[in-house]
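Trainee: Structure for the following, please:
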Amino acid sequence: PKSVWDALAVLRLRLRCKEVGIASVRGEGTTLQLRFAPHARLTPEAIRLLGFAFKGLRFTPDGATIPITYARLLSQVEEVMDVFAKAFAEGRGAKERASQPIRK
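Mentor: So this is what the prediction gives:
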């Protein structure tokens, strides 16, 4: 039944959130609030790029707000999470490169 598929989709989303670095997902009125785990933060550059790529969504270093107006909300959230995963990985890579000593 559809209700079982919907429950499985939500479970898949929760597991993906944990994998990516999203600590919580909450519906608030007409928006979906994503809060990142303490180790996952967006850089100012990532926020700027995400703002260009996803018009109508709001991004901060520690979260995102997605309006619940999309016909395919679940697929939209999954698409945004894939981008977050790449942004977090890029941020971790930049921090690691910055902490390494300069070799001559």
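Trainee: can you give me the helices for the protein?
Mentor: For the chain, the helices defined by DSSP state H cover 2-20, 44-53, 73-99.
Trainee: Just list what the first one packs against, helices and strands only.
Mentor: When contacts are defined as 3 or more CB pairs under 8 Å, 6 or more residues apart in numbering; DSSP states H and E, helix 2-20 packs onto strand 22-28, helix 73-99. To be clear about C-beta, it is placed using only N, CA and C from the backbone, and glycine gets the same treatment.
Trainee: Next, the angle from it to strand 22-28.
Mentor: The directions of helix 2-20 and strand 22-28 differ by 140 degrees, with axes from the mean of the first three to the mean of the last three CA atoms, to 10 degrees as the criterion.
Trainee: what about helix 2-20, average pLDDT?
Mentor: For helix 2-20, mean pLDDT rounds to 81.
Trainee: just the shortest one next, same as before
Mentor: Taken as a whole, helix 44-53 carries a mean pLDDT of 87.
Trainee: Begin at 9, not 1, for the rest of this chat.
Mentor: Shifting the count to begin at 9 puts that one at helix 52-61.
Trainee: then it to CSV, C-alphas only?
Mentor: In CSV, the C-alpha atoms belonging to helix 52-61 read as follows (Å, rounded to 0.1, in the frame of the first residue of the first chain):
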residue,chain,number,x,y,z
PRO,A,52,29.9,31.4,3.1
GLU,A,53,30.9,30.4,-0.5
ALA,A,54,28.7,27.2,-0.3
ILE,A,55,25.8,29.3,1.0
ARG,A,56,26.1,31.7,-2.0
LEU,A,57,26.4,28.9,-4.5
LEU,A,58,23.4,27.0,-3.0
GLY,A,59,21.4,30.1,-3.1
PHE,A,60,22.0,30.4,-6.8
ALA,A,61,21.3,26.7,-7.5
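Trainee: Would you reformat the helices and strands packed on helix 10-28 as a markdown table and include mean neighbour count and distance to residue 49?
Mentor: A markdown table is the format used below for the helices and strands packed on helix 10-28 (neighbours: other CB atoms under 10 Å; distance: least, CB to CB, whole Å):
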| stretch | mean neighbour count | distance to residue 49 |
| --- | --- | --- |
| strand 30-36 | 14 | 12 |
| helix 81-107 | 14 | 7 |
